[in-house]
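Engineer: Predicted coordinates and the sequence they were generated for:
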Amino acid sequence: MEFQLLGEVRAWVGGVEVGLGHARQRCVLAALLAEPNRRQGLDVLVDRVWGDRPPRQARSTLYGYLYRLRQAFADVTGVVIDRTQAGYVLPVDEDVVDLHRFRGLLRRSRGEEDRVARASVEEALGLWRGPALSGLGGAWAEAVRRGLAQERWQAVLHRNDVVLRLGRHGEVLAELSAMAEENPLDERLAGQLIVALHRSGRQADALHHYQVVRRRLAEELGADPGPDLRELHQLVLAGEVSVREERAVAAPTPRELPAVPRLFVGRADQLARIDKALAPSGGASPMSAVVGPAGSGKTSLALHWAHRAVERFPDGQLHADLRGFDPTGPPVSPSVVMGRFLTALGVPAASVPTEVEAQTALYRSVVAGRRLLVVLDNARDTDQVLPLLPGSGTCAVLITSRHRLIGLAATHGMPTVELDVLSDAEARELLAGHVGAQRMHEEPDAVAALLEWCAGLPLAVAVIGARAAAYPDFPLDALVAELHEADGLDLPGATELSASLRAVFAASYRVLPPPVARAFALLGAAPGPDTSSAAAAELLGESTPRARQLLGHLENWHLVRQHVPGRYRMHDLVRLYAAERARDDHRAELEAGLRRVVLHYARTGLAAEGVLYPYEDPSALGESVPADPGFAGEADALTWLASEYGCLSAAQELAARHGWGAVVWQLAWSLDTFQRRQGLIDDQLAVWRVAMEAAERADDDAARALTSWRFGSALARGADLAGASRHLHRALELSRAAGDPSGRASAHQSLAWVHEQRGDDKSALDHATRALTILRTLGVEMREAHALNQAGWYAAKLHDLPLARAHCGAALDLARRHGDLDAQARTRDSLGYIAHLAGDHDEAITHYEQALAGFHEVGALYDYADTLERLADTHTAAGHHDRATAALRRAVSLFLSQHRIPDAHRVAARLEDA
């Protein structure tokens, strides 16, 4: 099998030529052969065949060309055009393609002794049968043709060097003279002709040719000869050009890496992943990209690795800052970078093509076989990087970008190294590098506050560290005070540091398309620590699929992170900047977006609460809020509430600040059952205090009654019995005045619990009985079940066991009928207590264990802890001391997690006495 690209595009099998069809079909084959074993996307192939004017049915036509080419090689073993998800690839041995054989011979010649090298170069040049890709039209073919012509020219110059080093100047003198007539500005060729003339005894002609070249350069380019040609001129004047002189022909070794950062911490895993990705592969160029948000230390990591690995690349290291996010100007074009790379690699500036395709072809030829590292820093996107990738497996490429570069990962299988914030220990080590270990040790609280503000972002640590280092005699507390006084990113007395943070974030913001920039800004103002795609859709006023699309764009730019499926989070400092942009760039729509998302939380929260406790719908909740359907059951509702917990609390605070009335207590109600079951007493107090204040501002008696009742109930849980009694009696009075029997019953039930905690079980039973009497008239069976269980509990505490069993048995029947697991667990707990008092320990243990299972299933950790203590009482009475101790230890742990400190101390004392 043999393929020809250096001339007409042709193919032979066993010496017999294969019919390849018309020019465009041959262009498809040429495109696949130009980069064998590398996938080519359909769009790339269309562009290479038709350029910027493809026909309407270009893809269909291209499929036809590919089909016919497959048919042409159907009987040839080892020649199959494969289709992959990323495009098409023609896997062949590069030695069967004349272009790659040409490059391989040149590559080999550079490491050979001159006599052998001459034969290799002559063989390489002998492969040419005319201009490359002869007969093919179009922009791509023309650009490749020009690029390959440059490669051939470089090969000719290389051949000249070898011949001159062999002392065979007479054999090439005439050819050099003719070539110089056609290429009068090529300094490398001029140097070769000067050497040949001098060695042939024609020193005057050699000096004359130098003057001719000098004048032409001045007249046509306004330039002087380069340093190598000027030095050669001096050697000729001195008569010191030796027989083996190699002046003006030696290829330089670029060493372009910037200095390694002074402070660098952690990132061991990421360094190891780069090591693995850039290990020699023997195939295509190994490459990797370090991607992450602005300020995460991507460049520092890349340079740290590059300097550490410099000995692996003895032929040089190329570096380019692509300025993908430079606030002072546009990104650097691939053509500009390629031109600089080529001159750094020894290609004369006059010989560098102007078209990117031609530059790429020459660049890949020049680096072929060299052990080079190419560092492409701060890339905007895949399109900026693609032309700069070498084709040789001896070259490695390391890229940094704020973009995820998914295109390169898909088409080239490039592994990416995701860079996130530093761990707490790493951030502490980095800050210590700036301020010194002694200051860190002397002010631990200030250090903790500074690190909390930085939230692990290396740039922020550097900014804070630089600020502290600038004032070594000032306490770190002074800087903490500045941060507390800061308005967003503005640091008092540190405007230059604030500007550096803002500039970095602004560079990312400026490249976003307007809809994505709008999404970024509004998300910065969203309530809560993170945002679901559904909430984002409400905030943005978009459909959920469209919101996901916008979030995906932001994720690709590392401006948000999907930390769990469907939930997105911003770094705290990025969020401050985004909120600035929302206020400055989108003020007109900001409040409407926030109101939409707050109403979404209220609407969905009420639906979730309705699943957990569907038996009560206080009129004070205001106008009916449509409930989102879709919760499959309690587990689904609990999962949603757990995921959105921080957002619901933040949404309530936001609604209160904006004076959005009923939404404030709707959100408190949404959280109530979840907080009660989880034992989140402090949080419950906080949301109901906010709700109660909002009700007062709204001058709404129904809302006052509701919020006083729930706030009083929360105070009772927090053991503030006097405060609880005061608010609950107020709720009772307001409900009575409003003619609200449901509200009265609720207040009586909570007052019963207050009296129980005071040790007044008789008054507790009285309030519970009043509540039961009212609820029986309302006809809501599950509320009646809860009241029956409560009355039965207090009857048991007063040792009226028959009444207790009757009430609790009736409650259990109702709970079973309605499938209410929470009510069943509560009633099982009461029945366990009744059995314990009756001395039936086995029955008590059975009831308690069933109650614990139920509480576990519905997530009622508060009640779970109380039942554990009662189970321990029964185990103790039954002589099961080890089981009792185990139950008490679990209870202490839960009490502590719920901040029920008196309960924890009481049970801990029991353990000490046991």
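Structural biologist: Perfect, thanks for sending it.
Engineer: So which residues of the stretch 201-350 of the chain form helices?
Structural biologist: Assigned by DSSP state H, counting those that start in this stretch, the stretch 201-350 of the chain shows helices spanning 203-221, 227-238, 268-277, 298-308, 334-344.
Engineer: which other residues reach the third one?
Structural biologist: Identification of contacts with helix 268-277 by Cβ atoms under 8 Å, 6 or more residues apart in numbering yields 286-288, 290, 301, 304-305, 308-309, 398, 414-415, 417, 419. Quick note: C-beta positions are derived from backbone N, CA and C, even for glycine.
Engineer: In strands, which of these appear?
Structural biologist: Under the assignment DSSP state E, those contribute M287, S288, V290, L398, V417 to strands.
Engineer: I'd assumed V290 was in contact with the last one.
Structural biologist: So that's V417. Yes. The pair V417 / V290 is scored as a contact, 4.9 Å apart, by Cβ atoms under 8 Å.
Engineer: joint contacts of those two?
Structural biologist: Q270, I274, L301.
Engineer: Can you give me the distance of the residue nearest to the second one when sequence neighbours are not counted to G297?
Structural biologist: Meaning I274. Leaving out its chain neighbours, the residue that sits closest to I274 by Cβ to Cβ, 6 or more residues apart in numbering is W305, at 5.0 Å. As judged by Cβ to Cβ, to the nearest Å, W305 and G297 stand 12 Å apart.
Engineer: Would you mark the buried spots in the helix or strand where V687 lies?
Structural biologist: Assigned by DSSP states H and E, V687 belongs to helix 681-698. Buried positions in helix 681-698, judged by neighbour count with 16 or more other Cβ atoms under 10 Å: 681, 683-688, 690-692, 694-695, 698.
Engineer: now do stretch 305-323
Structural biologist: 305-306, 309, 313, 315-323.
Engineer: quick check: mean pLDDT across it?
Structural biologist: Confidence over stretch 305-323 (mean pLDDT, whole number) is 91.
Engineer: swap in stretch 731-740?
Structural biologist: Here the average pLDDT along stretch 731-740 is 94.
Engineer: can you check stretch 279-297 too?
Structural biologist: Averaging pLDDT along stretch 279-297 yields 82.
Engineer: Output that stretch as PDB - backbone C-alpha positions only.
Structural biologist: What follows is stretch 279-297 as a C-alpha-only set of coordinates in PDB (Å, rounded to 0.1, in the frame of the first residue of the first chain):
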ATOM      1  CA  ALA A 279       4.400  10.700  30.000                       C
ATOM      2  CA  PRO A 280       5.800   9.700  26.600                       C
ATOM      3  CA  SER A 281       3.200   7.800  24.700                       C
ATOM      4  CA  GLY A 282       4.900   6.700  21.400                       C
ATOM      5  CA  GLY A 283       1.800   7.900  19.500                       C
ATOM      6  CA  ALA A 284       0.200  11.300  19.200                       C
ATOM      7  CA  SER A 285       1.500  14.300  21.300                       C
ATOM      8  CA  PRO A 286       0.800  13.700  24.900                       C
ATOM      9  CA  MET A 287      -1.300  16.700  26.300                       C
ATOM     10  CA  SER A 288      -3.100  17.800  29.300                       C
ATOM     11  CA  ALA A 289      -5.000  20.900  30.400                       C
ATOM     12  CA  VAL A 290      -5.200  22.400  33.900                       C
ATOM     13  CA  VAL A 291      -8.600  24.000  34.100                       C
ATOM     14  CA  GLY A 292     -10.400  25.800  36.900                       C
ATOM     15  CA  PRO A 293     -11.800  29.100  38.100                       C
ATOM     16  CA  ALA A 294     -10.100  32.500  38.000                       C
ATOM     17  CA  GLY A 295      -7.500  32.800  40.700                       C
ATOM     18  CA  SER A 296      -7.300  29.000  41.400                       C
ATOM     19  CA  GLY A 297      -3.500  28.800  40.600                       C
END
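Engineer: please renumber so the chain begins at 25
Structural biologist: Okay, using 25 as the starting number, the last item reads as stretch 303-321.
Engineer: follow-up on the earlier one: for the contacts of helix 292-301, give me a markdown table that also has distance to Y91.
Structural biologist: A markdown table is the format used below for these (distance: Cβ to Cβ, whole Å):
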| residue | distance to Y91 |
| --- | --- |
| P310 | 34 |
| M311 | 33 |
| S312 | 37 |
| V314 | 41 |
| L325 | 47 |
| H328 | 50 |
| W329 | 45 |
| R332 | 50 |
| A333 | 46 |
| L422 | 40 |
| M438 | 30 |
| P439 | 34 |
| V441 | 40 |
| L443 | 45 |
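Engineer: for stretch 30-39, the distance to its chain's centre please.
Structural biologist: Centre-to-centre, stretch 30-39 and its host chain are 48 Å apart (Cα atoms, centre = their mean, to the nearest Å).
Engineer: for it, which positions count as buried?
Structural biologist: Within stretch 30-39, the residues that qualify as buried by neighbour count (16+ other Cβ under 10 Å) are L30, G31, E32, V33, R34, A35.
Engineer: swap in stretch 205-212?
Structural biologist: P208, L209, D210, E211, R212.
Engineer: just stretch 791-808 next, same as before
Structural biologist: 791-796, 798-799, 804-808.
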